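>>> Structure for this input, please:
(2 chains)
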Amino acid sequence: MTGNIKWRALIAVVVIGLGLFYALPSFLPDDSFVQSFLPNKKVNLGLDLKGGINLTLGVEMEKAFENSLDRMGEELRSEAREKKIFVLRPHSVGHKRLQFILLDPSKSNQLDDLVKRLYNKELRVDKKETLERGKLQYTLSMTPQYITKLKEMTLDQALKVIRNRINQFGVTQPDIRKLQNNRIQVQLPGLQDAQRAIDLIQKTAHLEFQLVDEEADIQRAVKGIIPPGDELAYLYKKRADGSYNKKPIVLKQKVLMTGEHISDASVAFNNYNQPYVAMSFDRRGSKIFERITEDNVHKRLAIVLDDKVYSAPTIQEKISGGRASITGQFTAKEAHDLAIVLRAGSLPAPVKVLQERSVGASLGQQSINQGVLAMIVGGIFVLLFTIVYYRVGGVIVDLLLCFNILLIIAALAGFGATLTLPGIAGIILLIGTAVDASVLIFERIREELRKGMSPAKAVDEGFSRATLTIIDANVTTIMAAIILYQFGTGPIRGFAVTLSIGTVASMFTAIFVSRIFFDLWLQRKRPALSLYL
Amino acid sequence: MGLQIVRPDTHINFMEKRKLGLILSLLIIFIGLVSLIFKGGLHYGIDFAGGINIQVKSSQEVDVKKIKSSLKESGLSEVRVQRFGMDTHNEFLLRIPATKVNPETVRGQVEKALDKSKGSNFKIQRLEMVGPKVGSDLKNKALKALFYAVLLISIYISGRFEQKWGTAAIMAIGLLGGLYVLQLFSVPLSYLILAALLITLGLCWYLRLNYALGAIVALIHDVLVTLVIFSLLNKDIDLTTIAALLTIIGYSLNDTIVIFDRIRENLRSKVSRPLMQIINVSINQTLSRTILTSGTSMLVVLSLYILGGGVIHDFALALLIGIISGTYSSIFVASPLLLGVGPTPEKTKETNEAVNVS
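Numbers count the residues shown, from 1 in each chain, chains lettered A, B, ... in the order given. I've put the predicted structure just below:
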C-alpha cells in the first residue's frame, strides 16, 4: 500500500488541479491577470437564473399544406389553359387534398398526363367523379413522401426566418432549435419585453400588393355580396389612443406582387417626423413593380400585410427604381420591428406559442442569491456537524466536501453544462448526502477499532467493506438522474446533471482521496487513530 | 474518540415496534388516500394541466383581495391569487386556468388590470404558459420517466440485492414480457406503471427475491407518503415534484441498501442467531450512520426550504418529506417485511441454480 501512495496522491492532486483550472474562471473577473492562463469557459447559467424568455413554438403545418396545394392548383390551371384544357376552381380540401373541376371530360387523359408531368412526386389522383353535364371533379392527395418533405422544408424555413428576425432584433446568444412534432424552441437570454419578442416572431409577414376595386359596392360587400374575383379586407388606421379603426375595403383577388422580392427594409421619417417603413426591391421585383404601376396609373394599390390593409395609396405615375413604403401611424418601435420582419422574410406557415416560460433578470438574480445563501448556511451546518462528530476525521470530510463542490463546478464549466435553479438545489442536496460515503467508511473504521483491531487493519477493513455498499447506494441515485435527464425539461436537466456529476465526485473523493489521507496518517509514528476519528 | 450520537452498545428493539410502524404508515397513507378521493385526485400544476402562472412583485404591501378584485374588474375572474415566498417580499402568484383566457393576450390583460389597482407598482417577474398540447406531452414524459425508473430500478435491485444476476435476468424478461403483452392491448401508460410495479412485486415474491421485495415496497411507501402529504397540503404536482420523487427513490434505496447489506453480512457470520435479532443488531449497528446521513441531508434541505426562495420551495418540501420517509421506511417497512418473508436463501455451491429457479 505504501509504495503506490505517491502515485495515488499524484492522481488526486492532478484531478483537483484540473478542477481548479476549470472552476476558477467562473469566479474571477474576465480581465484579471490569472484569467488569461485559464480556459475561457464559465459556468453557463440557465434562463431561470439569468433571466430571459423560453418559447416553444408550434408550426401550423395545415396552413403550409393548404398554401402548397393552392399554389399547385393555380399552377396546374394556368399550365392546362395553355393546352386549351379548362380547369375550374382549384382549391384545397381538408389540408391534404386538392380538388378541381375539368370542364371537358374528353381531355381527361391529357390532364392526367399533365398532372403526372408536373407533380409526379407531389400529387396522386385519388378519384374522378362525374358531375352534371359531364363535368369531372378531380380529387388529388399529397403523397406521403411529399408531406414529409414539405413538413421538413416548412420547419427549416420557419427556423431560418425566426433566426433571422431574432438576430436582426439584436439578442445576445439566442438559442433557436428544432424540436420534435413540428416545434421550435427559442431561448432569448436577458430579454425583458416578452410580448414584443413574441409579436416579432409570430408575425407571418406575408406582404401582398393588390388593386382596390373602386367600382365595387362596399355596403353590399360587407353584407357578404362580393363581386366575383374580389375580396373584402379591412384598412387599419390607428387612433390616437392606440386602438385601431377598421374600415372595409374591396380588393381585387389577384395578387400582383408579394414580399419575396424585398431586398431591404428600414425605418424612415416623413416631414411630420412620423416613422414609416421604406422598402427596396430586388431587380426582378423592381421590374414587376414598374410594370404594375405603369399599367395601373390613377388606381389605388393596397399594401396588405398578413391580411390587414396598411395603406392604399393612389398610383400617381409609373414608379421605377424599385422603392415603396408602408405608412400607417406606427410608433418607432413598431416600424423598427416591421422593417425587421420584412427584411427577414415571411414565415411559410403561422406559428403558435405552445409554451412560454419567462423570468425577469431581477428574479433570476434573487434566485441565485437565495440559492447561494441556502447553500452557505446548509454547508456551514454540515461542516460544523461533521467536525464536532469526527474531529480530525471531520476536517477530512469537510475537505472532501469542498473538493466535491469544486469538481461539480469544474465539470459544469468544462463540459459546457447549464446550471439552473434546481441544479443549485442539487448541489445543496449533495452537500448533505455526499457526506454519506465518508460516514459509512468512518463508522466502519470506528466499529473495527472498537473490536480491538489495529488502526491499519481497521482502515483497511473499513474501506474495503464500505466501498461496495457506497457504489451500490450511489448507482441508484445516478440511475434516477439519468432518467431525469432523458425525460426532463431544461431546469430539471440541470438538476440531473449536477446530481450525477456530484455523486460521481463524492464517490471519488470518499473512496480514493480520503484513503490517501488515512494512509498518510498511518505512515506516521504511532498513529492513534481512535483519538481523531 | 469523537462525539457519538449512538453509543456502541445501544440496542433498541426496532422489530418489536414494527406493528406501531405499520399502523403509522397505513394511517398516513389511508388519511391521504381518503383526502385524495374527496379532492378528486391529485392536483396537477400547469406543467401537466396546462395554464398560466404569473408571478408579480409589488412595490408596496397590497392585500390579496384587492388584487383579486382588480383582476375581476378586467374580466379575469377565475384567477387564483396567493402570496409567494416571504410575506415581506410582496410577491404574488396568479394562477389562471388554460381554458379561460387567450394565452396570447393574457400578459397585457394582467398588466392592465394591475395598473388599475392604484397606489402600488406591479412588475411581472415570471410568466409560465403551458398550452394543453405541451401539458399532455409533459405529462406523458413524466409518466415515461416514472415507468423507466420502475423498470430499471426493479431489475437493478433484484440483481443487486440478491447478488444473483441470473435471476435478475429472468425477472427482467418476465417484467418486459408482461409489459409487452399489456402494450399490445394499448393500456394507458399510467396503468402500465402500476402493472410494472405489480409484476415486479409478484416476480420478487415468486422468485423469492425477498430483499428486493422489501426495498421496492419501501420505495413505493416513500413515494406514496410524499404524494399524499402533498395532496393534504394542497400542493400542485408538477415536473419538479416528479424530479423530487425520482431523487427520493434514489435516496430511499440508498438507505435500504446500507441496512440490508449489514443484515446479509451478519447472516453470514458463524454465530447463528434468530433473524429478528440479526435484523435488530444490523439496524443498531448502522444507526449512527443513518442518523448522521439523514441528519446532514435534512439540514441542507431544510436550509433550502427556508432560505431558497419561493420558486424552489415545493421541491425542497418534497425532498424533506422523502428523506424523512426514506429513512423511516428502511427501518420500519423494508426490515419488517424481510423479517416476515425471511431473507433470500444464500446461494451455496451445492444448491446453486436449483434454489433460484424453483
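
>>> quick one: contacts for the residue of the stretch 201-350 of chain A found nearest chain B?
The stretch 201-350 of chain A approaches chain B most closely through residue A:202 (8.1 Å), counting by C-beta to the nearest C-beta. For glycine as for every other residue, the C-beta is placed from the backbone atoms N, C-alpha and C. Applying C-beta atoms under 8 Å, 6 or more residues apart in numbering or on different chains to residue A:202 gives the contacts A:350, A:351, A:352, A:353.

>>> Grab the nearest non-local neighbour of the second one.
To tie it back to what came earlier, the one meant is residue A:351. Distances taken as C-beta to C-beta, 6 or more residues apart in numbering or on different chains place residue A:57 nearest to residue A:351, at 4.5 Å, with adjacent residues excluded.

>>> The one you found touches residue A:354, doesn't it?
Yes. Using C-beta atoms under 8 Å, residue A:57 is in contact with residue A:354, at 6.6 Å.

>>> Look at these two and report which has more neighbours.
Neighbours per residue (other C-beta atoms under 10 Å in any protein chain shown) separate residue A:57 from residue A:354, with residue A:57 holding more: 26 against 23.

>>> ok, and the closest non-adjacent residue to residue A:167?
Once flanking residues are discounted, residue A:167 sits nearest to residue A:174: 7.4 Å by C-beta to C-beta, 6+ apart.

>>> Return the backbone torsion pair for that neighbour.
phi -70, psi 150 (degrees, to the nearest 10).

>>> Now do it, the pLDDT please.
Residue A:174 carries a pLDDT score of 89 in this model.

>>> what sits against it?
Contacts here follow C-beta under 8 Å, 6+ apart; on that basis residue A:174 touches A:163, A:166, A:167, A:186, A:187, A:188, A:189.

>>> how many other residues sit next to residue B:330?
Taking other C-beta under 10 Å as the criterion, the count of residues near residue B:330 is 28.

>>> The stretch of helix or strand residue B:241 belongs to - what's its average pLDDT?
Using DSSP states H and E, residue B:241 maps to helix B:239-268. Across helix B:239-268, pLDDT averages out at 88.

>>> Buried residues, that helix. List them.
B:239-264, B:266-267 (16 or more other C-beta atoms under 10 Å in any protein chain shown).

>>> quick one: it to chain centroid distance?
12 Å (C-alpha atoms, centre = their mean, to the nearest Å).

>>> how much space between residue B:286 and chain A?
8 Å (C-beta to the nearest C-beta, to the nearest Å).

>>> That residue touches residue B:263, doesn't it?
No. Contact criterion C-beta under 8 Å: residue B:286 and residue B:263 do not qualify, at 9.4 Å.

>>> picking that back up, now narrow the buried residues of helix B:239-268 to whatever sits close to chain A.
Subset of these in contact with chain A: B:239-240, B:243, B:246-247, B:249-251, B:253-255, B:257-258, B:261, counting by C-beta under 8 Å from any C-beta of the partner chain.

>>> residue ranges with poor pLDDT in chain A?
Judged by pLDDT under 70, chain A has its weakly predicted residues at A:1-3, A:30-31, A:35, A:240-242, A:525-533.

>>> now the stretch 1-150 of chain B
In the stretch 1-150 of chain B (pLDDT under 70), the answer is B:1-6, B:8, B:85-88, B:100-101, B:103-104, B:116-120.

>>> quick one: the helices in it?
Using DSSP state H, counting those that start in this stretch, the helices found in the stretch 1-150 of chain B span residues B:18-39, B:46-49, B:64-73, B:106-116, B:132-162.

>>> Now the shortest one - C-alpha only, PDB.
What follows is helix B:46-49 as a C-alpha-only set of coordinates in PDB (Å, rounded to 0.1, in the frame of the first residue of the first chain):
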ATOM      1  CA  ILE B  46     -49.600  23.900 -15.100                       C
ATOM      2  CA  ASP B  47     -46.800  21.700 -16.300                       C
ATOM      3  CA  PHE B  48     -49.300  18.900 -16.700                       C
ATOM      4  CA  ALA B  49     -52.700  20.600 -16.700                       C
END
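
>>> Packing partners of it?
Helix B:46-49 is packed against strand B:122-130, helix B:132-162, with contacts defined by 3 or more C-beta pairs under 8 Å, 6 or more residues apart in numbering or on different chains; DSSP states H and E.

>>> who touches that helix?
Here helix B:46-49 makes contact (C-beta under 8 Å, 6+ apart) with B:52-53, B:95, B:97-98, B:128-130, B:135-136, B:138-139, B:142, B:236-239.

>>> Cool, thanks, talk later.
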